[in-house]
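> need a 3D model of the following:
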Amino acid sequence: MADVSDLAKKVFEAMKKIGATSEDSLKTADDVMKATKIGKGQVANALSELTGKGIAKRVARQKSAGYYLLKDQL
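From the prediction side, this is the model:
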C-alpha cells in the first residue's frame with residue numbers, strides 16, 4: 001500500500017466511487033469535495049499528495065483542473 005495520509009486515502013476511494021478513473025472521465029476538486037464531504041482546502045491538499053506520488057493526474061483545463069486516477073488501488 002502506498003504511503004499516503006488517511007485523507008488522501010478517503011479522496012482516492014471517493015475518486016474511484018465517482019468514476020474518475022481515466023482521462024475521459026475527469027472530475028474537478030469540487031466533484032471530489034461533494035463526494036467526500038471534506039473541505040475544499042483539504043481535498044486540494046490530498047489531490048496534490050496523490051498527484052505528487054503518481055497515483056492521480058491533474059489535467060489543466062480552461063475553467064478548472066480535472067483529476068483522474070492512474071492506479072486502481074493504493
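> from residue 38, how far out is the residue in the chain sticking out farthest from the centre?
For the chain, the C-alpha lying farthest from the average C-alpha position belongs to residue 62; by CA atoms, centre = their mean, that distance is 18.5 Å. As judged by CB to CB, to the nearest Å, residue 62 and residue 38 stand 26 Å apart. To be clear about C-beta, it is placed using only N, CA and C from the backbone, and glycine gets the same treatment.
> sorry, back to before: model confidence for the residue farthest from the centre of the chain, exactly?
Looking at residue 62, its pLDDT stands at 90.
> give the helix, strand or coil label for it.
At residue 62 the chain is in coil, as set by DSSP: H, G, I helix; E, B strand; the rest coil.
> for the spatially most central residue of the chain, give me its contacts.
Taking CA atoms, centre = their mean, the centroid of the chain lies closest to residue 47, which sits 4.7 Å from it. Shown in contact with residue 47 (CB atoms under 8 Å, 6 or more residues apart in numbering): 11, 29, 32, 56, 58, 67.
> that concludes my questions; thank you for your assistance.
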